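Asks: here you go, sequence then predicted model.
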Amino acid sequence: QVQLVQSGAEVKKPGASVKVSCQTSGYTFANYYMHWVRQAPGQGLEWVGLIHPTRGDTSYAQNFQDRVTMTTDTSTSTVYMELSSLRSEDTAMYYCARGGHLTVDDPWGQGTLVTVSS
Amino acid sequence: QSALTQPPSASGSPGQSVTISCTGTSSDVGGYSYVSWYQQHPGKAPKLMIYEVSKRASGVPDRFSGSKSGNTASLTVSGLQAEDEADYFCGSYGGSNNVVFGGGTKLTVL
């Protein structure tokens, strides 16, 4: 079955960077975009951006344009999201989710909690 | 502040119907037929329920339905069951390779 398995929780200091992975299986990696969505504690969903897994095309939300980089490793069908210059407001659960160019679909990864604290 | 506006809460008794709204603008909800709804139980990842305004995702009961009128999309849950108690989020294509979400609605089954 289709699975997205994310890397484990991270604790980072303000100003640092974090890189979260999303390993995929059970489908043709090249056929779907991968989106990243975050959810601050008790809050709603916030779209971070997307990447085409083999072409490498990316689109980032304006709020993250200067700080986020999404990459892929086609040899392991893994997608990565790196967020730099972390601040306390970046504390959130980060999800990868398979989708199309215009939509976030299914499934979603289990989430990776990133905590930013001094 | 989320781009799409949802009521913070909704409720209904078992067997009843409840409708959750999602209001955007002509640049997102009103401009495209790419509205989705997600269900999230506590401590779990969101799950796609409805896509392209009214299409049910695989395995989703037909008690769940979606619609849109102008800049407002709606999710209706008919025949409420205890397991429907969850947070529900709407999402929409927002143009310019951008996706926007609502702030979420907590559905309580009384």
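Replies: Done, it's in. Numbers count the residues shown, from 1 in each chain, chains lettered A, B, ... in the order given.
Asks: identify the residue nearest the residue nearest the centre of chain B in space, chain neighbours excluded?
Replies: Chain B has residue B:37 as the residue nearest its centroid, 3.7 Å off, counting by Cα atoms, centre = their mean. With sequence-adjacent residues excluded and distances taken as Cβ to Cβ, 6 or more residues apart in numbering or on different chains, residue B:37 is closest to residue B:50, at 4.1 Å. Backbone N, C-alpha and C define where each C-beta goes, glycine included.
Asks: check the offset of the helix or strand that contains the one you found from the chain's centre.
Replies: Taking DSSP states H and E as the definition, residue B:50 sits inside strand B:47-51. Remark: strand B:47-51 is offset 8 Å from the chain centroid, using Cα atoms, centre = their mean, to the nearest Å.
Asks: tell me the mean pLDDT over it?
Replies: Mean pLDDT, strand B:47-51: 98.
Asks: so which residues on chain B come close to chain A?
Replies: B:2, B:32, B:34, B:36, B:38, B:45-48, B:51-52, B:57-58, B:89, B:91, B:93, B:97-104 (Cβ under 8 Å from any Cβ of the partner chain).
Asks: now do residue B:62 against residue A:110, distance only.
Replies: Noted for residue B:62: a distance of 28 Å to residue A:110, by Cβ to Cβ, to the nearest Å.
Asks: so between those two, which is more surrounded?
Replies: Using other Cβ atoms under 10 Å in any protein chain shown as the criterion, residue B:62 and residue A:110 rank with residue A:110 on top: 15 against 8.
Asks: from memory that one sits against residue A:7, does it?
Replies: No: checked against Cβ atoms under 8 Å, the pair residue A:110 and residue A:7 is beyond contact range at 10.2 Å.
Asks: and residue A:97, that one's in a strand?
Replies: Yes: under DSSP: H, G, I helix; E, B strand; the rest coil, residue A:97 sits within a strand.
Asks: return the set of residues that bridge with it.
Replies: Per DSSP bridges, the residues bridged to residue A:97 are residue A:35, residue A:108.
Asks: quick one: residues contacting residue 76.
Replies: Here I'm looking at chain A. Contacts for residue A:76 were tallied using Cβ atoms under 8 Å, 6 or more residues apart in numbering or on different chains; they are residue A:23.
Asks: nope, chain B please
Replies: Residues counted as contacts of residue B:76 (Cβ under 8 Å, 6+ apart) are B:17, B:18, B:19, B:20, B:64, B:65, B:66, B:67.
Asks: okay, it: pLDDT?
Replies: 98.
Asks: got it, and residue A:56?
Replies: Taking residue A:56 on its own, its pLDDT is 92.
Asks: in PyMOL, select just the buried ones from the residues of chain B next to chain A.
Replies: To isolate the buried ones among the residues of chain B next to chain A in PyMOL, judged by 16 or more other Cβ atoms under 10 Å in any protein chain shown, type:
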select buried, chain B and resi 2+32+34+36+38+45+46+47+48+51+57+89+91+93+98+99+100+101+102+103+104
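Asks: what's the closest non-adjacent residue to residue B:35?
Replies: Leaving aside its sequence neighbours, residue B:35 sits nearest to residue B:73 (Cβ to Cβ, 6+ apart; 4.4 Å).
Asks: confirm that that neighbour lies within a helix, as I assumed.
Replies: No: if the criterion is three-state DSSP, then residue B:73 is strand and not within a helix.
Asks: identify the bridge partners of it.
Replies: residue B:22, residue B:68.
Asks: now the lengthiest strand in chain B against strand B:47-51, angle please.
Replies: Scanning chain B for the strand with the most residues, using DSSP state E, yields strand B:86-93. Put simply, strand B:86-93 runs at 50 degrees to strand B:47-51, going by axes from the mean of the first three to the mean of the last three Cα atoms, to 10 degrees.
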